[in-house]
Each structure stands twice: as structure tokens, then as C-alpha cells.
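# When you get a sec, could you give me coordinates for this:
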Amino acid sequence: MTPIRDCPAPDPHPAGPTRYAVPAGAVDSHAHVIGRPPAHPFVENRSYTPPAAPAQAYLAMLDATGMAHGVLVQVSVHGTDNRLLLETLAANAERLRGIAVIPLGLPERDLRAMKDAGIVGLRLNVLYGGGIDFAAVEAYGALAREMGWHLQFLIDARSLPPLAQRLSRLPVPFVVDHMGHMPTAAGLSDPGFSTLVALVRDGAWVKLSGAFRTSVAGAPFADTIPFARALNDAAPERCLWGSDWPHVAARDGPPKLATLLDLIADWVPDEARRRRLFVENPRALYGFG
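Residues are numbered from 1 along each chain as shown. All right, here's what the predicted structure looks like:
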């Protein structure tokens, strides 16, 4: 059995980029709030043990980096217990939206309460313990269509080729996390990454995020640049940026947010496209005013 890793806390002094100005109205499209047992239990089959990541710390990070809004994704260690996520959304209704992880078959009243709290999508996750896999992706697609939600996938792009046809038939938009969460050593020509680019070109959304997860070279993560550019060129109108705060399970420890944000100057050199990435695209997908 693989031992459960303990994760250090994120950088206590987050800062914005030094190479450009974050546009007004920017959105951080991927982050987590995390509680601690016993109030917020961890699932037994988790892949790591994170530090607490409370809402006030996340909101302070948004302020420090120039982000107007944030999207919180249910973290795998809390499984399908979305209570902390929903409480945080309800307390910050104008500023935050959420992506939940749920079992099928919840009562209609629970689903409506989630939507009212600010849930806009559902996540399937095949990479970390506590997630829900793709076995019932069609059923989740049908539920998302009924609720006016989208789907979000945490998957290694190398697993995409046999799934591509199923995903392309989904009745709702879907988002692929962290540029496909594939190590850069696999190369741009890897069939999985090529499939991801094709899916994005044909209508999928993708998060240009997680450089510290996919980079083989390490900070400042320059080996991720051609991958991000390929995805942005495929559909600049469907790319999103996410901090992935509080950077759990980072191989080399939590990165500096300024480093991740400065990297966007290389990923998306064009200022108009950066505004799409930070402002226009996430506001369209997540329903911010």
C-alpha cells in the first residue's frame, strides 16, 4: 500500500505577477478549501494528508494576487462531503462559485440547495483517492444537463484516447484540469496530449494550470510552455487559469504564486488572449456578473 503523504502549507506570502498586470475582474478558476478532522473528516483512501486551507486564507490569496473572483473545487480528501465547500460559497455568494463531487441519486432538494449555494459543475477524478471515476460519466452528464451544470475531469491525458468518443458525446460542456495532468517528458506528440488538443479544438474547455504538477524541469516550469501554447492556440476562448491553491501533493513543495502567474506571460504572450484567460472565459463558464 502506498503511504499517505503529508503536505506542507502553501506559501504564506502570496503575490501577483511581476511581468504584466492582472486584468480587472480576473478569476482564479481552480482552488480548494480544506477542513480538518473531526469537524471535516478525511476519506480513508486519500492519496495525501493536507493542511487546513480555510476560506479566509483563500480570500486573502485572491486579494494579494489581484483576483476578483474564485472557483472552489471539492477536494478529494473530503470525498463527497461537500459541507465546507457549500458553507464557503454561501458566505461569499458574489465572489465565489463551486464544483462539487457527489454520488448519483441525491434527492432533488439537495441538488437544488447546491445550485442555490453556487455550485455550477461536477468533478470526476481518477488520479487521487476520494474521487469519482468515469464509469458513470454519461449518467453524470445527464444530471449536469438537468441542473444546468458542466463537468470537470481530473485525468492524465494519456488515458484520454479510449474515452474521447464518449466525452465528445456528452450533452454538457466539460473542462479538463491542469492541461491534462501529463508529465512534459511524454512530449507534445504523445497520443493523449494530441487527443486533448483535438477535444479542446472541438469544444472542450481546459485549465492552463498545474505547471508544478506537469513540469519535469521544475521551477520556473519553462518546459510547460509549448503545451500551454498548443492548448491556447487550439481554443483561446475556452482556456481558463487556476492557481490550484493550496497546492496539495506538490512533488517539490508548494510553488510561489508569483512564479505561476509570471509563467502566463510565456504561456499566453498576447494581452488580449490573457484577458480572455483571466476574465472573459471564466465569467462566461461560471456565471459571474
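# Can you show me the helices along this protein?
Using DSSP state H, the helices of the chain run over 55-65, 83-91, 108-117, 137-147, 164-168, 191-202, 211-214, 225-234, 257-267, 271-275, 281-286.
# Out of those helices, which is closest to residue 11?
Nearest to residue 11 among the helices of the chain is helix 257-267; the distance by Cβ to Cβ comes to 6.4 Å. Where you see a C-beta, it was placed from the backbone N, CA and C, and this is true even at glycine.
# coming back round to it: out of the helices of the chain, which is the most enclosed?
The highest mean neighbour count among the helices of the chain, using mean count of other Cβ atoms under 10 Å, belongs to helix 211-214: a mean of 24.
# Listing partners with orientation, what would you give for the longest strand belonging to the chain?
When the chain is scanned for its longest strand (criterion: DSSP state E), the result is strand 119-125. Neighbouring strands of strand 119-125 in its sheet, by DSSP bridges, are strand 96-100 (parallel), strand 150-154 (parallel).
# would you put the C-alpha positions of the last one in CSV?
It refers to strand 150-154. C-alpha atoms of strand 150-154 as CSV (Å, rounded to 0.1, in the frame of the first residue of the first chain):
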residue,chain,number,x,y,z
HIS,A,150,-20.9,21.3,-16.6
LEU,A,151,-18.5,18.5,-15.9
GLN,A,152,-14.8,18.8,-14.9
PHE,A,153,-12.3,16.0,-15.2
LEU,A,154,-9.0,15.3,-13.4
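# quick one: it to chain centroid distance?
How far strand 150-154 lies from its chain's middle: 9 Å, per Cα atoms, centre = their mean, to the nearest Å.
# same deal with stretch 62-77?
On Cα atoms, centre = their mean, the centre of stretch 62-77 falls 10 Å from that of its chain.
# same check, this time on stretch 163-183
That offset, for stretch 163-183, works out to 13 Å (Cα atoms, centre = their mean).
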